[in-house]
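J.: Give me the fold of what follows.
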Amino acid sequence: MKRLGIVFIFCVFCMGYAINVYGDANEDFLLVGNKKFTIEYASDFMNSLEISKAIIESNYNCYFNINNKWYDLDGNLIEDEDIIKSISYKKEMKRKSQGELKKENINFDDYDEQIIESSLYIDETEFIYFVLKDGEAIDVTLDGKSIEVKIINTQILIKPKKAGTSKIVVKNKNTEKIRHIRKYNVLNIKKEDGMKFNANDLTLREGETFQLKANGKKLSNFKHLNIANSRKGIIDVHRDGLIKALQPGRVVFEIHNEETEERICFLINVVK
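T.: Numbering: from 1, shown residues only. Here you go, the predicted model:
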């Protein structure tokens, strides 16, 4: 029954209502536990993980309200008055407001916030997700022609267009608070042709060591690599890529390939 219920929900999301709808679609909603989601919100692919999680947490206690009539997950009309009376809800999730994309010059000197610099391969796509309150949205300012930016509800899609540099500033549309500042260096190489490391983010115990390698080799085999450490005293990174955890804390270090302009960031978490 639960499997059929999930299949029914996704059929509604992908094909429209499995039940004939004649009224205003804005009046129709999906009830998951005691959470009320408008059909528009629930059928948005970007909210699918939230909906799936809510369904599981409610132990599949879900109903559709279509044209003021109740249906179970399998699409069966509920006519039992006792069941209908037992249904209650208190929260309605609506589609979040859509932000605005503006193209204008960005001067990083105008901002006190931390500026993140990263590289994108020409065939690489990046999503940035922001946690917002209901009704809030994000505005994006773009400076540069090397990337394409799309705002999708609470996410930003970054897609390279050509080699070069671009900047973005992300603000909360409602509060004007800056949420993100980044400089992108788009590389004229494909991701499969870039450096492959034997680790991404790491958690190390105090005193532990880890040998970081690129393409199966120690970093000292590459002539054009620079290593930058964001915080001293947390880790020690040798020229050959040997990382030693010194004391508890979190640190980001960057490897910059001056030959290809690749910039790879690693987050290291040191624990006792």
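
J.: does the closest residue to Asn269 other than its chain neighbours sit in a helix or strand, and which one?
T.: Distances taken as CB to CB, 6 or more residues apart in numbering put Thr203 closest to Asn269, at 4.5 Å, once the chain neighbours are dropped. In short, each C-beta sits where N, CA and C put it, glycine included. In this structure, Thr203 is located in strand 202-205 according to DSSP states H and E.

J.: for that strand, which positions count as buried?
T.: Leu202, Leu204 (16 or more other CB atoms under 10 Å).

J.: And the strands in the stretch 1-150 of the chain, which stretches?
T.: Assigned by DSSP state E, counting those that start in this stretch, the strands in the stretch 1-150 of the chain fall at 29-32, 35-38, 62-66, 69-71, 91-93, 101-103, 116-121, 126-129, 138-143, 147-152.

J.: if you compare those strands, which one is most tucked away?
T.: Most buried of the strands of the stretch 1-150 of the chain, by mean neighbour count (mean count of other CB atoms under 10 Å): strand 29-32, with a mean of 24.

J.: for that strand, what is the average pLDDT?
T.: The average of the pLDDT scores along strand 29-32 is 85.

J.: Output it as CSV, nothing but the C-alphas.
T.: Below are the C-alpha coordinates for strand 29-32, written out as CSV (Å, rounded to 0.1, in the frame of the first residue of the first chain):
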residue,chain,number,x,y,z
PHE,A,29,-3.6,20.6,-1.6
LEU,A,30,-1.7,17.6,-0.3
LEU,A,31,-1.9,16.8,3.4
VAL,A,32,1.1,15.0,4.9
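
J.: where do the strands sit along the stretch 151-272 of the chain?
T.: Secondary structure of the stretch 151-272 of the chain (DSSP E, counting those that start in this stretch): strands at 155-160, 164-172, 178-187, 202-205, 209-211, 213-214, 217-218, 225-229, 235-237, 242-245, 249-257, 262-271.

J.: So for Ser48, which of those strands sits nearest?
T.: strand 155-160 (12.5 Å; CB to CB).

J.: Name the surrounding residues that touch the strand holding Thr203.
T.: By CB atoms under 8 Å, 6 or more residues apart in numbering, the residues outside strand 202-205 that reach it are Phe210, Ile235, Ile243, Ala245, Phe266, Leu267, Ile268, Asn269, Val270, Val271, Lys272.

J.: Can I get the buried part of the residues you listed as one ChimeraX selection?
T.: Applying 16+ other CB under 10 Å to the contacts of strand 202-205, the buried members can be selected in ChimeraX as follows:
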select :210,235,243,245,266,268,270
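
J.: farthest pair in the contacts of strand 202-205?
T.: Pairwise distances across the contacts of strand 202-205 (CB to CB) peak at 20.6 Å, for the pair Phe266 and Lys272.

J.: Which strand residues bridge the residue nearest the centre of the chain?
T.: In the chain, the C-alpha closest to the average C-alpha coordinate belongs to Tyr129, at a distance of 3.3 Å (CA atoms, centre = their mean). According to DSSP bridges, Gln155 are recorded as the beta-bridge partners of Tyr129.
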